[in-house]
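A.B. asks: Any chance you can model this:
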Amino acid sequence: MMRLPVLVFDIETLTDLKSGAHLYGLDLSEDDLQQALAKLRRQEAGTDFQRTALHEIVCISGLWIDVNGTMKLFSFSREHFSEAEILKKFLSIFDKKNPTLVSWNGSQFDLPVILFRTMYHGLSAPSLFDQGEIDSQKRYNNYQNRYHHRHVDLMDVMAMFNGRHFQKLDDIAHLLGFPGKRGVSGYLVPEYVKHQQWLELTSYCEGDVLNTWLIFLRWALLKGQLSSHDHHLWIQATIHYLQSQPQQQEFLSIWQ
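C.D. replies: Sure, this is the predicted structure:
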């Protein structure tokens with residue numbers, strides 16, 4: 001049986017210019033700082049993608065599937081909230097509930113970023129990061145352990161925990177017949193924030209969440225946690241729910 005409630009989530013980030021300037025001792029304009037940090041990162045690692053500790057969160061999106069099967073798609077973004085407020089709102093979910101957390105690459109990226117930024121803002125999140133020191137049950141089933149099922153990182157489990165087999169969310173979504181990123185790249189996130197295109201930002205992040213949810217359903221079918229009949233019912237329930245979500249009509253039409 002699939003363990004409900006389920007929370008499928010994804011984060012979108014920018015380079016934290018203030019922390020980058022502090023770390024490298026740089027006194028530059030914002031544009032020059034962005035370029036300098038990207039160049040330093042390329043020299044360090046051969047990629048523009050910043051180290052985990054130099055990301056700041058601009059959006060967290062999630063799909064909540066409750067114990068009664070109802071769905072709720074949501075986003076907390078910088079349109080309405082500071083980063084600290086986004087984190088508080090997301091972390092408060094775990095104070096009230098103990099959902100099965102589902103992600104794509106969440107154990108390698110999303111959760112470490114959330115950990116760093118929670119510490120950066122001086123917040124506390126024992127419900128998410130306790131490994132048995134407070135609740136002894138969490139020693140055997142917590143959100144950090146790679147082989148526990150309280151957090152299912154689909155990228156990791158589908159690679160059988162072997163980094164050589166890691167795949168991109170977009171590729172697997174397309175292979176399984178789901179919309180994927182619909183031709184939109186994560187590199188547009190800085191542009192969305194710069195131009196305050198908040199609807200585009202949240203639609204993009206929620207799209208990743210929906211692709212992850214659909215892959216999770218297929219994974220649950222593979223594992224025998226869902227029968228073919230129940231898998232079909234969840235797909236129909238998802239389509240029915242998305243029909244009531246105006247900003248996901250493109251996702252729905254491409255999928256169907």
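A.B. asks: What segments of the stretch 151-256 of the chain are strands?
C.D. replies: Under the criterion DSSP state E, counting those that start in this stretch, strands of the stretch 151-256 of the chain are mapped to 151-153.
A.B. asks: Next up, phi/psi of residue 57, please.
C.D. replies: Dihedral pair for residue 57: phi -90, psi 130, per degrees, to the nearest 10.
A.B. asks: Might you calculate how far stretch 25-45 sits from the centre of the chain?
C.D. replies: Between the centre of stretch 25-45 and the centre of its chain there are 26 Å (Cα atoms, centre = their mean, to the nearest Å).
A.B. asks: From the rest of the structure, what touches it?
C.D. replies: The list of residues contacting stretch 25-45 from outside it, by Cβ atoms under 8 Å, 6 or more residues apart in numbering, reads 15, 17, 20-21, 24, 47-51, 54. (Glycine included, C-beta is placed from N, CA and C.)
A.B. asks: repeat that for 10 Å
C.D. replies: The set of residues that contact stretch 25-45 without belonging to it, under Cβ atoms under 10 Å, 6 or more residues apart in numbering, is 14-21, 23-24, 47-51, 54, 190.
A.B. asks: which residues of the stretch 51-200 of the chain fall in helices?
C.D. replies: Remark: helices assigned in the stretch 51-200 of the chain by DSSP state H, counting those that start in this stretch are 83-96, 111-120, 126-129, 154-158, 169-175, 189-194, 198-223.
A.B. asks: show me where pLDDT drops low in the stretch 51-200 of the chain?
C.D. replies: Within the stretch 51-200 of the chain, the set of residues satisfying pLDDT under 70 comprises 183, 185-186.
A.B. asks: For residue 245, which non-adjacent residue is spatially closest?
C.D. replies: In space, residue 245 comes closest to residue 73 once its chain neighbours are excluded; the distance is 6.1 Å by Cβ to Cβ, 6 or more residues apart in numbering.
A.B. asks: distance of the one you found from residue 18?
C.D. replies: Per Cβ to Cβ, to the nearest Å, residue 73 is found 31 Å from residue 18.
A.B. asks: try residue 57
C.D. replies: 14 Å.
A.B. asks: More neighbours: which of those two?
C.D. replies: With neighbours defined as other Cβ atoms under 10 Å, residue 57 and residue 18 compare such that residue 57 has more, 24 against 12.
A.B. asks: and the gap between residue 219 and residue 104?
C.D. replies: Using Cβ to Cβ, we find residue 219 at a distance of 11 Å from residue 104.
A.B. asks: now residue 36: how far from residue 15?
C.D. replies: Computed as Cβ to Cβ, the residue 36 to residue 15 distance reads 11 Å.
A.B. asks: Tell me which of those two has more neighbours.
C.D. replies: When residue 36 is set against residue 15 and neighbours are counted by other Cβ under 10 Å, the residue ahead is residue 15, at 20 against 16.
A.B. asks: and the closest residue in space to residue 50 that isn't next to it in sequence, what does it touch?
C.D. replies: Spatially, and ignoring its direct neighbours in sequence, residue 50 is nearest to residue 15 (5.0 Å; Cβ to Cβ, 6+ apart). When the contact criterion is Cβ under 10 Å, 6+ apart, the partners of residue 15 are 33-34, 37-38, 41, 48-51, 54-56, 190.
A.B. asks: Which of those are buried, as a ChimeraX select command?
C.D. replies: Command for ChimeraX that selects the buried part of the contacts of residue 15, burial taken from 16 or more other Cβ atoms under 10 Å:
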select :33,34,37,38,41,49,50,54,55,56
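A.B. asks: Just the ones of the contacts of residue 15 in strands?
C.D. replies: 55-56 (DSSP state E).
A.B. asks: Go through the contacts of residue 15 and name the one nearest residue 148.
C.D. replies: If you rank these by distance to residue 148 using Cβ to Cβ, residue 55 comes first, at 24.7 Å.
A.B. asks: That closest one reaches residue 117, doesn't it?
C.D. replies: Yes: the pair residue 55 / residue 117 is scored as a contact, 7.7 Å apart, by Cβ atoms under 10 Å.
A.B. asks: May I have the helix or strand hosting residue 43 exported as CSV, CA atoms only?
C.D. replies: Applying DSSP states H and E as the criterion places residue 43 in helix 30-45. Coordinates of each C-alpha in helix 30-45 appear next as CSV, following Å, rounded to 0.1, in the frame of the first residue of the first chain:
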residue,chain,number,x,y,z
GLU,A,30,25.5,42.8,-8.7
ASP,A,31,26.1,41.9,-12.3
ASP,A,32,29.9,41.8,-11.9
LEU,A,33,29.4,39.7,-8.8
GLN,A,34,27.2,37.2,-10.6
GLN,A,35,29.8,36.8,-13.4
ALA,A,36,32.7,36.6,-10.9
LEU,A,37,31.0,33.9,-8.8
ALA,A,38,30.1,31.9,-12.0
LYS,A,39,33.7,32.1,-13.2
LEU,A,40,35.1,31.0,-9.8
ARG,A,41,32.7,28.1,-9.8
ARG,A,42,33.7,27.0,-13.3
GLN,A,43,37.4,27.1,-12.2
GLU,A,44,36.5,25.0,-9.1
ALA,A,45,34.1,22.4,-10.6
